[in-house]
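# just need the structure, nothing else, for what follows:
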Amino acid sequence: MAKILMCFPEGRHKALTMSYDDGRFADRRLVDTFNRYGLKGTFHINSGLLGTHDKVGADEVKTLYKNHEVSAHTLTHPTIARCPNEQIVHEIMEDRRNLERIVGYTVRGMSYPNGSYNRRIKEMLPGLGMEYARVVDSTGHFGMPDDFLEWKPTCHHNRDLMKHAETFVSLHKKQYLYLMHVWGHSYEFDNDNNWDLMEKFCAYIGGHPDIWYCTNIELVDYAKAFERLKFAADLDFVYNPSALNVWLNVDGEIVEVKGGELIKF
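You can find the predicted model right below:
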């Protein structure tokens, strides 16, 4: 019987995703930095606050975040664990509707505003079209999440970012999948006068052939595509019912299973 392991695209065993909240003007500089070094980010936006104070306007969102992901952050950023269900539904669905009109694709993830969530809210999210929700409690580790609706990142960028990056780059045991997930707010770099930190991080972590640079939803979609694979009972073939291609390590050999394809090992 074959020994089969999930891989990231192209057979990689490491992935990096970035997650930033609130849609402030400082996102412009952050997106530019990501683009120069080939990183991909997810930007969680309160559509009801677009164009207010120091937040980007609705007319800028689609262009600014091109090649990245726009995700929900609720309409007006309330502490939703204190809100009635009706308000939670309104905050999430109106945010989705507004953002989808702007970017032209389905918004399927979010980060919890003020880090506020509970079991009641998590149970509501699938019915509201949310497939992941990032929290603020960080793990300091590089494992895959076991609950995408309570997705704990590796670290905030002000918490030993370069130390985590150096550890992540050095990871080499291909029997594991490693995920580094960084979160924060772009305006914090202005407040802390430490844009050099993100510049240094991106220069260091970008361009590694063994790292898959992805958005939050790309990671979720890929993980779900792997879970949907239909393996034979004796593992001598597999059918991929998804549109996404999935890569596997089969007895030490990297195998690509294209969407809609059945292959024998």
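# ok, now how distant is residue 36 from residue 25?
18 Å (C-beta to C-beta, to the nearest Å). Just so you know, the C-beta spots here come from the backbone N, C-alpha and C atoms, and that holds for glycine as well.
# which stretches of the chain form strands?
For the chain, the strands defined by DSSP state E occupy 4-7, 14-21, 41-45, 69-72, 109-111, 132-134, 155-156, 178-184, 211-213, 230-231, 237-239, 246-250, 253-257, 262-264.
# so what's the spatially most central residue of the chain up against?
Nearest to the mean C-alpha position of the chain, counting by C-alpha atoms, centre = their mean, stands residue 216 at 1.4 Å. Contacts for residue 216 (C-beta atoms under 8 Å, 6 or more residues apart in numbering) come out as 17, 19, 42, 69, 71, 109, 132, 134, 151, 181.
# distance check, it against residue 110.
Distance from residue 216 to residue 110, by C-beta to C-beta: 9 Å.
# what touches both of the two?
Here residue 216 and residue 110 share the contacting residues 71, 132, 134, scored by C-beta under 8 Å, 6+ apart.
# what's the local residue count around the closest residue to the last one other than its chain neighbours?
Translated: residue 134. Of all residues not flanking residue 134 in the chain, residue 111 sits nearest, at 4.2 Å (C-beta to C-beta, 6 or more residues apart in numbering). Neighbour count for residue 111, taken as other C-beta atoms under 10 Å: 27.
# contact partners for residue 111?
When contacts are counted by C-beta under 8 Å, 6+ apart, residue 111 is found next to 19, 21, 44, 71, 73, 133-135, 183.
# which of the residues you listed sit farthest apart?
71 and 135 (13.7 Å; C-beta to C-beta).
# name the residue in those two with the higher neighbour count.
Taking neighbours as other C-beta under 10 Å, residue 71 and residue 135 compare with residue 71 leading, 30 against 18.
# state the pLDDT value of that one.
On pLDDT, residue 71 comes in at 98.
# got a list of what it touches?
42-45, 99, 107, 109-111, 216-217.
# between the residues you listed, which is closest to residue 144?
Nearest to residue 144 among the contacts of residue 71, with distances taken as C-beta to C-beta, is residue 216, at 12.8 Å.
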